[in-house]
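Colleague: Provided below for reference: sequence and predicted model.
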Amino acid sequence: MSYNQEKMREAWKTYISRQVVLDMVRPEIARAWQRCRASGLDPWSADFPKHNKDLLQKKQTENRQLLRMAAPVLEYLMALFNCNISLSDKTGFVYKFVSPFSVYTRTYGTFQREETVGSGNVTIALREKIPVRVDGYEHYRAVAHNYSGVSAPMFRDREFMGLLNMNDPFRLLPDSAMQCCQAAAKAMIGGLAAARQPGFDLWRALAERMDEAVLVLDGRGLIQVANGVWRRVFAGDEPAPLGRSLGDFFSQKEILAASRPEQGRPEGEAVFTGRNGEVFRLTRRYVLALPEEEHAVFVLSPSERRPRVISSPAAEQTNYVGESPAWKKVDEAVRKIASHPTSVLILGDTGTGKEVVARAIHRRSGRPGHFVPVNCGAVPRELLASELFGYEGGAFTGARSAGAAGKMEYAEGGTLFLDEIGEMPPDMQVVLLRVLQEQAVTRLGSHKTRKLNVRVIAATNQDLAQLIAERKFRRDLYYRLGVFEIRLPLLRERVSDIPLLTAYFNDLLAARFHLTPKALPPEIMQLFLRYPWPGNVRELRNAVERLLIMAESTPPSLDFLPAALVDFAAAPPAAAEEGAVSPPRRLTREQVCRALEKHGGNLSHAARELHIARNTLYRKIEQFDIKLKVSARND
């Protein structure tokens, strides 16, 4: 059954609000939703497990034979589908990851389990040991609703070895993705048994399943793969053109266009004309660096074809909202500094709007280049240098042969936003300081220096003075970044802005979800004004979003708000005020285990008893290495 976004969105909202599974929901999706709910997972949560470098190295060592066999297959799948490709073991740990994006680290080096990340192709295939496709609103958590993914289990002598996964965070994967994923998984296990890497036979089999024209050249530039779509469009009734050159089918101008090195992988760089006048554009060009030789992979699409997008919400404004004295100071600082190229350091708790303010500075600066954000805490240490500074071909194992520009270069003429700068490793801080001082960057593996015109804005929720005292952050880098500091107030320090922010999110999110803005009853607004908002503006936005979706066809009520607000509203005033100002608790492993056991593993209920946020409980479970037992009910 093909994916229908509107119907599936209604089905998801129906389940989240009333726990009713509509007939259109596939059985495996329904079972996953029920397991997620039974585990106490909040569908509105947006946190992810942290990258585990030590465990990643261990898992890669354990699976080194399969990794050697899989390397060219993963690269080839990425070339065909232009999406993330990964391998996860039988415990759900993602130990191999290749991506067409500069760096994409949300799942790499982490466990993908339903009780923490929600349902998706990886978690369902892991649980049920079946090939699975999951699109858009079939995911349990709202944060994954833009994703499309397929997973195929791998078995060797009936032993489950893990999964091959394909995921696109922006658009629906084509219908051929599931077949290709299964074929590739089978070929990798077959190659492992025969101690031989898959070759052109697999490349041809996968290419034949594609709806686009696919061409693969060997290291001599001769055609080794030309799928049926390519032969029909460009070769007519001629036999498969294996061993022939591009010059037999394309003009010299077309060949030169196709041979240009990639610059950020632009679409439509080369245009080809078929035998009947159809116009095709080169949408992807990859060079696969295999042990023996390099293979060039070309994927051509009809010029009028566009990928199916899962969701296309209206472009969201980055304007901030606020009239309180505390926020007016922020606005005044932004207006004063925007037009100057000075570095800016934004300080503030999680959810106070650091990136929103950084974008406002960039927008008001008039700089012609892009705003390029980098989360220093989300990128693994070993990838951060290549992410920021780029690299030359062959600079390190796994590097693309053509090399890649770093975020510094992408931000040329614009603004580079370094979020969570306090998480940057000390050795990287030295390199960044030099780049900032010289306004020039040198790619990894290169001796060529490239001049830059980049404005840098950094942000953190940490105490940099404390990090400097602990020798975790360089004092000279702090002074270089903090030429101009902007401190953002907590939401509870700007209570008069809450009605303005609520109205802003009401209109913005209603437009995004094609809903009607809701008139909030006085008791909800009074609750918003009393609640301490530990998650600041982000938590307020999430509350309004949940309220809009849950109250689509009924008047808004307190029951539609997140559990933390409902509990706060139900608590006696004195207890609520006490909870609002109580300091963080120093919990022991035994206390956390007792709460989890008492509530049968329900994380929301356990967090409530411990008087901590659900995200804090996740961190405690990880810190204490607590293993959760999850059971599903069929009520």
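Modeller: Received it, and whenever you're ready, just let me know what you need.
Colleague: Residue ranges in the stretch 251-400 of the chain under the pLDDT threshold?
Modeller: In the predicted model of the stretch 251-400 of the chain, residues 251-272, 275-277, 283-293, 303-319, 382, 394-400 satisfy pLDDT under 70.
Colleague: hey, where'd the helices end up in it?
Modeller: Counting by DSSP state H, counting those that start in this stretch, the stretch 251-400 of the chain has helices at residues 252-259, 325-337, 354-365, 381-389.
Colleague: Kindly reformat those as CSV containing mean neighbour count and distance to Ile612.
Modeller: The C-beta positions use only the backbone N, C-alpha and C, and glycine is treated the same way. Below are those laid out as CSV (neighbours: other CB atoms under 10 Å; distance: least, CB to CB, whole Å):
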stretch, mean neighbour count, distance to Ile612
helix 252-259, 14, 57
helix 325-337, 16, 27
helix 354-365, 20, 23
helix 381-389, 20, 28
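Colleague: now for those helices, which one comes closest to Ile524?
Modeller: helix 325-337 (22.3 Å; CB to CB).
Colleague: what does that closest one contact?
Modeller: 320, 322, 344, 357, 360-361, 364, 484, 486, 488-489, 493-494, 497 (CB atoms under 8 Å, 6 or more residues apart in numbering).
Colleague: still on that earlier bit, of all the helices of the stretch 251-400 of the chain, which one comes closest to Leu508?
Modeller: When these are compared (using CB to CB), the closest one is helix 354-365, at 12.2 Å.
Colleague: rewinding a little: and the contacts of helix 325-337, which two are the farthest apart?
Modeller: Of all pairs in the contacts of helix 325-337, the most separated under CB to CB is Arg364 and Glu493 at 23.9 Å.
Colleague: So, low pLDDT: which residues of the stretch 401-550 of the chain?
Modeller: Applying pLDDT under 70 to the stretch 401-550 of the chain picks out residues 401-403.
Colleague: One more: the stretch 51-200 of the chain?
Modeller: Within the stretch 51-200 of the chain, the segments meeting pLDDT under 70 span 101-105, 193-198.
Colleague: how about the strands in it?
Modeller: 84-88, 94-98, 132-135, 148-156, 159-168 (DSSP state E, counting those that start in this stretch).
Colleague: Now render those as a markdown table, adding mean neighbour count and distance to Val229.
Modeller: Converted to a markdown table, the strands of the stretch 51-200 of the chain look like this (neighbours: other CB under 10 Å; distance: least, CB to CB, whole Å):
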| stretch | mean neighbour count | distance to Val229 |
| --- | --- | --- |
| strand 84-88 | 25 | 22 |
| strand 94-98 | 22 | 25 |
| strand 132-135 | 26 | 22 |
| strand 148-156 | 22 | 21 |
| strand 159-168 | 23 | 20 |
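Colleague: Wait, Arg474 touches Met428, no?
Modeller: No - Arg474 lies out of contact with Met428 (CB atoms under 8 Å); the separation is 10.2 Å.
Colleague: So for those two, which sits in the more crowded spot?
Modeller: Using other CB atoms under 10 Å, the more surrounded residue of Arg474 and Met428 is Arg474, with 19 against 16.
Colleague: Next one: the spatially most central residue of the chain from Gln60, what distance?
Modeller: By CA atoms, centre = their mean, the chain has its centre lying nearest to Arg106, at 5.2 Å. Arg106 is 19 Å from Gln60, where distance means CB to CB, to the nearest Å.
Colleague: and if you look at Phe389?
Modeller: 25 Å.
Colleague: With Gly366 instead?
Modeller: 47 Å.
Colleague: Specify which residue of these two has the higher count of neighbours.
Modeller: Ranked by neighbour count (other CB under 10 Å), Gly366 and Gln60 place Gln60 first, with 15 against 8.
Colleague: so what's Phe234 closest to, chain neighbours aside?
Modeller: In space, and not counting its chain neighbours, Phe234 is closest to Phe249: 5.3 Å by CB to CB, 6 or more residues apart in numbering.
Colleague: Just give me the neighbour total for the one you found.
Modeller: 20.
Colleague: Spit out the contact partners of it.
Modeller: 234-235, 241.
Colleague: Then His340?
Modeller: No contacts exist for His340 under CB under 8 Å, 6+ apart.
Colleague: Likewise for Val344?
Modeller: By CB under 8 Å, 6+ apart, the contact list for Val344 reads 337, 358, 361, 456-458, 481, 483-486.
Colleague: Recalculate using a threshold of 10 Å.
Modeller: Residues near Val344 by CB atoms under 10 Å, 6 or more residues apart in numbering: 333-334, 337-338, 357-358, 361, 415, 417, 455-459, 481-486.
Colleague: how close does it sit to Gly274?
Modeller: 52 Å.
Colleague: do the same with Ser339
Modeller: Distance from Ser339 to Gly274, counting by CB to CB: 51 Å.
Colleague: Same check on Gln623?
Modeller: Distance of Gln623 to Gly274, computed by CB to CB: 59 Å.
Colleague: same thing with Gly393?
Modeller: 32 Å.
Colleague: Also Leu217?
Modeller: For Leu217 relative to Gly274 (CB to CB), the value is 19 Å.
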